[in-house]
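**Q** Here is my input; please provide its structure:
(3 chains, ligands or ions: 2)
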Amino acid sequence: MTAYEPVIGLEIHVQLATRTKMFCGCELVFGDPPNTHTCPVCLGMPGTLPVVNAEAIRLGLMIGAAFGGELAQRLVFHRKSYFYPDLPKGYQISQFDEPLVSGGRLGDVGLERVHVEEDAAKLTHAGATGRIGGSTSSVVDYNRGGTPLAEIVTLPEIRSAEQASSWLRLLRETLRQLGVSDVNMEEGSLRCDANISIRPVGETTLGTKTELKNMNSFRFIEQGINAEVARQTALVQAGERVQQETLHFDPRTGSITSLRSKEGSHDYRYFPEPDMPPVAVPDELLQSALSSVPELPLERAERFRTELGLHEESARLLAFRRALGDYFEETLQAGGAGTDKQQVANWIGNDLVRRLEAQRKDDEAGETDTDPAQSKVTPAALAELVALVVAKKINRKAGEQVLDVLVAEGGRPQAVVEAKGLAAVGGADELRPVVQAALDANPDVVEKLRTGNMKPIGAIVGAVMKETKGRADGGEVTRITREILGL
Amino acid sequence: MIDRDTVLHVATLSRLELRDDEIEPMARELSAVLGHLETIGELDLDGVEPTTTVVEDRSPLRADEPHRSLPREVALREAPDASDDGFRVPSPQA
Amino acid sequence: MTDPISLSVVEAASALRRGDLSQDELFTAYRDRAAADDTNSFTWLADDLQAGLGGRDAAPGTDRPLAGVPLAVKDLFCVTGVPTASASNLLRGYRPPYTATAIDRLQHEGATILGKTNQDEFAMGSSNENSAFGPVLNPWDRTKVPGGSSGGSAAAVAAGLAPAAIGTDTGGSVRQPAALCGVVGLKPTYGTVSRYGMIAFASSLDQAGPITRNVADAAVLFRAMTGPADRNDMTSIGWAGQAAGIEVPSAERLDGVRIGVPTELLGEGVEPGVRASFDAALARAEELGATVVPIDLPHARHALSAYYLLAPAEASSNLARFDGVRYGNRADIGDGGLVELYTRTRHDGFGPEVKRRIMLGTYALSSGFYDAYYRRAQQTRTKIVEDFAAAHRDVDLIATPTSPTVAWGLGERTDDPVAMYQADVTTLPQSLAGVPAISIPCGLSDGLPVGLQLSGAAFSEQRILDAAHALEQVLGFDASPARRRGPAAPDAPAATGKDAA
Ligand SMILES: [Mg+2]
Ligand SMILES: [Zn+2]
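**A** Ligands and ions are numbered 1, 2, ... in the order given. Predicted coordinates:
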């Protein structure tokens, strides 16, 4: 049987973090009562005209600069016509053949374009189920209508659902760090559509694609793409054809349904927006956009890896979560020369983050919002803690206990070590008699060790730990045992 | 020229209901008008840039500063069916 | 004391300033006359001066140049709280929550609103017969059309129901009705008057302009309407410097002025009587020192095709917002769904010509036809723009008859859209080129007014106004017959106009 591979391109709509709407001065406030942020322009009242928000253009250019795309020299808008109650003018002002950004790349996926446009309003479906199906009437809230959007369109270079969702995570973090959007999927400030087709492995032409609309979490994106790839594969294997259509994935049932079946034919009748003559991108806007692009996750990960010698995984973790990366760099600064950078990375990336996340597990804000800088553990304290462990002044277990205290109460590690008596049982002189006693108490273990079978050493380490209340260094116990037994 | 099917297709795109007795006259009138307008088909326009507007490059952009929005009762005042603080329409998929 | 109705805008404003006349007196004189109107020129009348302020609290300060001058305003201008329907059933009863910039500027200069004037629905028409409020009658002969789409505005001024009116011109909608009603109509350079608050017909062409009894009034109103770039309108191009330069014209001579006559636009279709008046007017221009030369506008005869593709295309999109959701009148759809809401609301709300143009425009933009129709029309527009630029390297002004015919009979062309569209053949080229043009009455043919159109390069309003003024003085057109037949003297015998020809 022929093997098929998926070919996936993504279209991501990102709400830009401006104060006001794309074409009018209504303020953007999420969650306010319906229809309290509207004006004649964003209600599409007769006679009103759009005026472009310069900040939306600046943020769009920042995205383009971050992706290394080609930035447009002039702003050209088109009208995209279709009728829907969330679209007050009967057309969306968007861009067509001259997008703000052409080309570019982020990580392993190339970009086709980034263009700016206005968002639609919110339709609330009233009726039995509260969902779109089965309701008899809907109510429109135009507060969101006219929010500036950047639509980011990738090339069809994605080959799996997993790749799609991990690339989207990278995109989201990049946009977050750029500061161009809240990128909050629950609030709809980042929305993703996927164009999906399949083709026999080895084939280079593209099959008929379907468009899977508006998936609002990474999990649903993966599930949705997988479901659609499976659906298309089954169709093709049964000798049928894939129809070009717009689809909706229902994460509750895992089913895929066709959208807009009642809308009639699709013909958006794009034409140049005559209310908005083309205008050159003002140079000060361009310069401001270019100078506002910070170091981005991929660049930072590369720097962490090559300049600081972190493992790939640590480098990505700290770079892709800016709060962690910033805290990491502050800790290195506090620790001074000679700080073990990989150890600091491990302590932040594993131990500290796990504790902080457990501490605020009720919070809905989500994993990536954890910021150690907001905790009681100062970078200086963490640097000191890592130094104590690296210098074997305390063992790792004790270090973890110290961290527990720091997370709960703050303070300095040395003081915690002293207050709790966690200092490692120092040196061979102090440890040797304890090891000797343990060997004496376990002759059967000693017998096995002498034959070269080191497995039972755990019993000796355990006994020593018990005797020293956990302050001994396991490696040191093994070393002294070998020394005593002449191994 | 413009036949009945084309008229119906364009009416659908335009969201215009046409009663049965309105379709043929519309086809006839549109055909007559288009027939008359087709003189531009004779022109040699190769390489001629289209003109969308005569006022290019004059318009300043808007600063990202809020203005006062309409009070909701004013926003809804002209609506044929205002309810639940919004504009009510038949459900798109009803 | 002089009859207030006899005063032009400039005269009324100075009488008000001198205290010879009170604002209420002037307003009431027109209000009473307009209330007795039998030309159907108005869609709404202000009850009193206060109602005419359209949402403004204070009466215009007496120090403003237009303080107390009541103006008739085309129905498609949004004015806060004032019925604004663009003569469509779909919008009948709509009261906007804001005021159009052009009207706001006039109010700022002290003008008040006498009423809203009838027009073709959404400004689509050349005879004012496409109105949900019924046709407007020509004050010169009530069996004739007044022209369109600003027919009510032109008729109101001609009949002496208002000292002046504000109309809009997309393909001739100020100039052509002004010509057919024997008054002055100015279409300014595209972009000099903000479009904000004008219910759009065709965005790239719509332009507001004054309709007045004389050229001086047109200059005064244009100066008040134009100004710095409107921050609500990206097609408004900021004309503060030039606006300050607009002076009330006083020129008496045309020495050194070169006037071009495009032979292409004088061909078939121009009535002999119109041609005679036009030629006579040019002869007077030469007597005043002008040089009249034939010129070529090789693509001007394609303007009609380009216009009737571009304007409906833009209109089909501009009118998509009329869907019965946020404002306007929704059809009764019973159990119908969203599709019925749209299709029936638009079926019932729009008149036949509006539907025809929406269909035509949608077709021109639709997949597979865009290049052949819409794009070719845009390219043709480029050629027309170039024609005008080339012509103005040689001549200062371009003269044509404003309309190939005088006012025709009501109902005469309503069954023939193509014949109706021909009415604009001489005004469309200037609209596509975006240049300013004025129509002044230059004589009578069969007892009906003939208009002379003078256009110039972009921003040459002052030159056009000066030349029009100089000609106006020597042409001595007598507009009084239309006023005398008005409601104040319904049985007055029809006076014979002084035919300049
Ligand atoms: Mg989009
Ligand atoms: Zn708004």
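**Q** now the chain, which segments are flagged as low pLDDT?
**A** Reading this off chain A. A:1, A:127-135, A:260-265, A:361-369, A:426-428 (pLDDT under 70).
**Q** Chain C was what I was after
**A** Ranges of chain C meeting pLDDT under 70: C:1, C:55, C:57-60, C:240-244, C:485-501.
**Q** Please give me every residue in contact with the residue nearest the centre of it.
**A** Closest residue to the average C-alpha location of chain C: residue C:174 at 1.8 Å, with CA atoms, centre = their mean. By CB atoms under 8 Å, 6 or more residues apart in numbering or on different chains, residue C:174 lies in contact with C:150, C:153-154, C:167-168, C:185-187, C:209-211, C:439. From N, CA and C alone the C-beta is placed, and that goes for glycine too.
**Q** can you check residue B:84 too?
**A** A:34, A:124, A:126, A:139.
**Q** how close does it sit to residue A:86?
**A** Relative to residue A:86, residue B:84 is positioned 15 Å away (CB to CB, to the nearest Å).
**Q** Could you check how far residue A:463 is from residue A:481?
**A** Residue A:463 is 11 Å from residue A:481, where distance means CB to CB.
**Q** who's more crowded, those two?
**A** Set residue A:463 next to residue A:481 and count neighbours by other CB atoms under 10 Å in any protein chain shown: residue A:481 wins out with 22 against 19.
**Q** and the longest strand that chain B contains, what does it pack onto?
**A** In chain B, taking DSSP state E as the definition, the longest strand is strand B:86-90. Applying 3 or more CB pairs under 8 Å, 6 or more residues apart in numbering or on different chains; DSSP states H and E, we find strand B:86-90 packed against strand A:135-141, helix C:338-349.
**Q** quick one, which of these is nearest to ligand 2?
**A** strand A:135-141 (13.0 Å; CB to the ion).
**Q** Dump the C-alpha coordinates for the closest one into PDB.
**A** This file holds the C-alpha atoms of strand A:135-141, laid out as PDB (Å, rounded to 0.1, in the frame of the first residue of the first chain):
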ATOM      1  CA  SER A 135     -29.200  28.000  18.000                       C
ATOM      2  CA  THR A 136     -31.900  30.100  16.400                       C
ATOM      3  CA  SER A 137     -30.400  33.600  17.000                       C
ATOM      4  CA  SER A 138     -27.100  35.200  17.600                       C
ATOM      5  CA  VAL A 139     -26.000  38.500  19.100                       C
ATOM      6  CA  VAL A 140     -23.100  40.500  17.700                       C
ATOM      7  CA  ASP A 141     -20.700  42.300  20.000                       C
END
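**Q** What lies in contact with the next helix or strand after it?
**A** Once the chain leaves strand A:135-141, the next helix or strand it forms, by DSSP states H and E, is strand A:148-154. Here strand A:148-154 makes contact (CB under 8 Å, 6+ apart) with A:9-16, A:18, A:21-22, A:53, A:56, A:59-60, A:63, A:94, A:100, A:109-119, A:167, A:171, A:180-181.
**Q** Output the contacts of residue B:84 in JSON lines, with neighbour count appended to each entry.
**A** Shown next, in JSON lines, are the contacts of residue B:84 (neighbours: other CB atoms under 10 Å in any protein chain shown):
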{"residue": "A:34", "neighbour count": "22"}
{"residue": "A:124", "neighbour count": "14"}
{"residue": "A:126", "neighbour count": "16"}
{"residue": "A:139", "neighbour count": "22"}
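**Q** Switch those over to JSON lines; also include distance to ligand 2.
**A** Formatted as JSON lines, the contacts of residue B:84 follow (distance: CB to the ion, whole Å):
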{"residue": "A:34", "distance to ligand 2": "14"}
{"residue": "A:124", "distance to ligand 2": "19"}
{"residue": "A:126", "distance to ligand 2": "24"}
{"residue": "A:139", "distance to ligand 2": "19"}
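**Q** separation between the residue most central in space within chain B and residue C:362?
**A** Most central in chain B under CA atoms, centre = their mean is residue B:14, positioned 6.8 Å from the mean C-alpha point. Using CB to CB, we find residue B:14 at a distance of 5 Å from residue C:362.
**Q** list the contacts for residue C:182?
**A** Going by CB under 8 Å, 6+ apart, residue C:182 touches C:140, C:158, C:441, C:449, C:477, C:479, C:482, C:497.
**Q** For the third one, give me phi and psi.
**A** Backbone dihedrals for residue C:441, given as degrees, to the nearest 10, come out at phi -70, psi 140.
**Q** With residue C:285 instead?
**A** According to degrees, to the nearest 10, the main-chain angles of residue C:285 amount to phi -60, psi -40.
**Q** Residue A:30 reaches residue A:187, doesn't it?
**A** Yes. When contacts are counted by CB atoms under 8 Å, residue A:30 is listed as touching residue A:187 (5.6 Å).
**Q** Kindly confirm my reading that residue A:256 is in a strand.
**A** Yes. With DSSP: H, G, I helix; E, B strand; the rest coil as the criterion, residue A:256 is part of a strand.
**Q** how about the residue of the stretch 51-200 of chain A at minimum distance from ligand 2, what does it touch?
**A** Nearest residue of the stretch 51-200 of chain A to ligand 2, counting by CB to the ion: residue A:146, 5.9 Å away. Residue A:146 makes contact with A:21-24, A:26, A:41-42, A:118-119, according to CB under 8 Å, 6+ apart.
**Q** How about residue A:59?
**A** Contacts of residue A:59 by CB under 8 Å, 6+ apart are A:16-18, A:148, A:150, A:180-181, A:289.
**Q** Could you dump the residues you listed into a markdown table and include secondary structure and neighbour count?
**A** Below are the contacts of residue A:59 laid out as a markdown table (DSSP: H, G, I helix; E, B strand; the rest coil; neighbours: other CB atoms under 10 Å in any protein chain shown):
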| residue | secondary structure | neighbour count |
| --- | --- | --- |
| A:16 | coil | 27 |
| A:17 | coil | 19 |
| A:18 | coil | 21 |
| A:148 | strand | 27 |
| A:150 | strand | 25 |
| A:180 | coil | 26 |
| A:181 | coil | 21 |
| A:289 | helix | 22 |
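**Q** Including distance to residue B:26, could those residues go into TSV?
**A** As requested, those are exported to TSV (distance: CB to CB, whole Å):
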residue	distance to residue B:26
A:16	43
A:17	48
A:18	44
A:148	40
A:150	41
A:180	48
A:181	47
A:289	50
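**Q** Show the contacting residues for whatever residue of the stretch 101-250 of chain C ends up closest to ligand 2.
**A** Closest residue of the stretch 101-250 of chain C to ligand 2, CB to the ion: residue C:232 (11.2 Å). Counting by CB under 8 Å, 6+ apart, residue C:232 touches A:41, A:48-49, A:51, C:101, C:194, C:196.
**Q** Show me the subset of these that also lies near ligand 2.
**A** residue A:41 (CB under 5 Å from the ion).
**Q** Among the contacts of residue C:232, name the ones in helices.
**A** Among those, DSSP state H puts residue C:101 in helices.
**Q** neighbours around residue 394, how many?
**A** You didn't say which chain, so I picked chain A. 24.
**Q** Switch to chain C, please.
**A** By the criterion of other CB under 10 Å, residue C:394 has 11 neighbours.
**Q** So the residue in the stretch 201-350 of chain C positioned nearest to chain A: helix, strand or coil?
**A** Distances between the stretch 201-350 of chain C and chain A by CB to the nearest CB are smallest at residue C:320, namely 2.4 Å. Counting by three-state DSSP, the backbone at residue C:320 sits in helix.
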